[in-house]
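In: missing the sequence, but the structure's below:
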């Protein structure tokens, strides 16, 4: 039984070739084998072949209810537009494997925010674990709205007018054109940098040493009024100050806002809720959110939110 046949389309004239593929078996299989066929004038030297069973990947227990709905709708789009390419923003290994298994050759790659549309193929969908920041505006970028996975913090974007028309004509899915200026950015710990932290179960946990628990993501912020929120949990503080946090620009050379001690932002049950307001009169480049923990502070970061208040929202608040 041949599970899958892969053609190698791109390779360097000299260098290292790495092939990684994932598949799922519904039942036991005897006498499984791996075959690699090289065409004429191709010289390959096999160094290592590894077959590894990935615990949990592809199973129902590995996904939330919202993620199940996200995959279900993505398959529905694939049925109405078989040429679609599928991208994802997740760095979770098991989730990435789930999508490679489910979508096979339609799955393109894992991408990261901020997103450049020039790097995407037209008529593709992007499965996002947080709202995407887009580097440039386009009239061909849409979002599929579904409370089942939107409430779970997941988003499904459509890039390409032809694909949008197929979805509208063949399904009952709600497709909305999104604003060219995407004003809400949500960064999960897996997309941030750390020195004294370790990623565990999608949370970034400090090791108790003094140092940067979070820094990044080096995004450009246009002129406007922003609200920056950091949420997490604190389990231990051994000094008078738990640590400090700041918003900087220019790769850390300019401090835009800072809280010298975020201890007052920790509730009695250990929940961390930091909010900083920021008003920019001009664009700031390479902005980052920094959270520095003092020695003895043990905590985890769950989510970082950057929200830009539009002129309309500000007027409503004044009224």
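Out: Done, it's in. This is a predicted model, so every value here is computed, not measured.
In: CA only for contacts and neighbour counts going forward, please
Out: Fine.
In: Give me the three-state assignment for residue 205.
Out: Three-state call for residue 205 (DSSP: H, G, I helix; E, B strand; the rest coil): strand.
In: What is the least confident helix or strand in this protein?
Out: Here the helix or strand of the chain ranked lowest by mean pLDDT, DSSP states H and E is helix 311-318, holding a mean of 40.
In: Low-confidence ranges, the stretch 101-250 of the chain, go.
Out: Along the stretch 101-250 of the chain, the parts satisfying pLDDT under 70 run over 112-116, 131-139, 152, 178-191, 201-202.
In: now the strands: where do they sit in it?
Out: Taking DSSP state E, counting those that start in this stretch as the criterion, the stretch 101-250 of the chain carries its strands at 107-110, 124-128, 141-145, 155-159, 174-177, 184-187, 197-200, 203-206, 211-214, 217-221, 224-236, 243-249.
In: now the fifth one, how far from the centre of its chain.
Out: Chain-centre distance of strand 174-177: 21 Å, with C-alpha atoms, centre = their mean, to the nearest Å.
In: which of the residues in that strand are buried?
Out: residue 175 (16 or more other C-alpha atoms under 10 Å).
In: That one - contacts with which helices or strands?
Out: Using 3 or more C-alpha pairs under 8 Å, 6 or more residues apart in numbering; DSSP states H and E, the elements in contact with strand 174-177 are strand 141-145, helix 161-170.
In: Quick one: closest of the ones you listed to residue 220.
Out: Among the helices and strands packed on strand 174-177, the nearest to residue 220 by C-alpha to C-alpha is strand 141-145 (20.4 Å).
In: any chance of the strands of the stretch 101-250 of the chain in CSV, plus distance to residue 75?
Out: Listed next are the strands of the stretch 101-250 of the chain as CSV, based on distance: least, C-alpha to C-alpha, whole Å:
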stretch, distance to residue 75
strand 107-110, 11
strand 124-128, 11
strand 141-145, 13
strand 155-159, 12
strand 174-177, 16
strand 184-187, 26
strand 197-200, 30
strand 203-206, 29
strand 211-214, 36
strand 217-221, 31
strand 224-236, 33
strand 243-249, 40
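In: Grab the nearest non-local neighbour of residue 231.
Out: Nearest non-adjacent residue to residue 231, counting by C-alpha to C-alpha, 6 or more residues apart in numbering: residue 273, 4.8 Å away.
In: How about residue 233?
Out: Using C-alpha to C-alpha, 6+ apart, the closest residue to residue 233 is residue 271 (4.5 Å).
In: ok, back up a step: between the strands of the stretch 101-250 of the chain, which gets nearest to residue 83?
Out: Closest among the strands of the stretch 101-250 of the chain, once you apply C-alpha to C-alpha, is strand 124-128, at 8.5 Å.
In: And the contacts of that closest one?
Out: Under the criterion C-alpha atoms under 8 Å, 6 or more residues apart in numbering, residues 70, 84-90, 154-160, 163 lie in contact with strand 124-128.
In: of all the residues you listed, which two lie farthest apart?
Out: With C-alpha to C-alpha as the measure, no two of the contacts of strand 124-128 lie farther apart than 90 and 163, at 22.7 Å.
In: and residue 218, how many neighbours?
Out: Number of residues near residue 218 (other C-alpha atoms under 10 Å) recorded here: 18.
In: give the contact list for it.
Out: Contact partners of residue 218, counting by C-alpha under 8 Å, 6+ apart, are 249, 251, 285, 286, 287, 288.
In: Name the SS class of the closest residue to the first one other than its chain neighbours, please.
Out: So the one you mean is residue 249. Counting by C-alpha to C-alpha, 6+ apart, residue 249 lies nearest to residue 287, which is 4.1 Å off, once chain neighbours are set aside. Going by three-state DSSP, the secondary structure assigned to residue 287 is strand.
In: Surely residue 287 and residue 246 touch.
Out: No: counting by C-alpha atoms under 8 Å, residue 287 stays clear of residue 246, with 10.4 Å between them.
In: Give me the more crowded residue out of those two.
Out: Using other C-alpha under 10 Å as the criterion, residue 287 and residue 246 rank with residue 287 on top: 23 against 19.
In: returning to what we had before: ok, of the contacts of strand 124-128, which one's closest to residue 96?
Out: Distance to residue 96, by C-alpha to C-alpha, is smallest for residue 90 among these, at 6.7 Å.
In: quick one: that closest one is in a strand?
Out: No: secondary structure of residue 90 (three-state DSSP): coil, not part of a strand.
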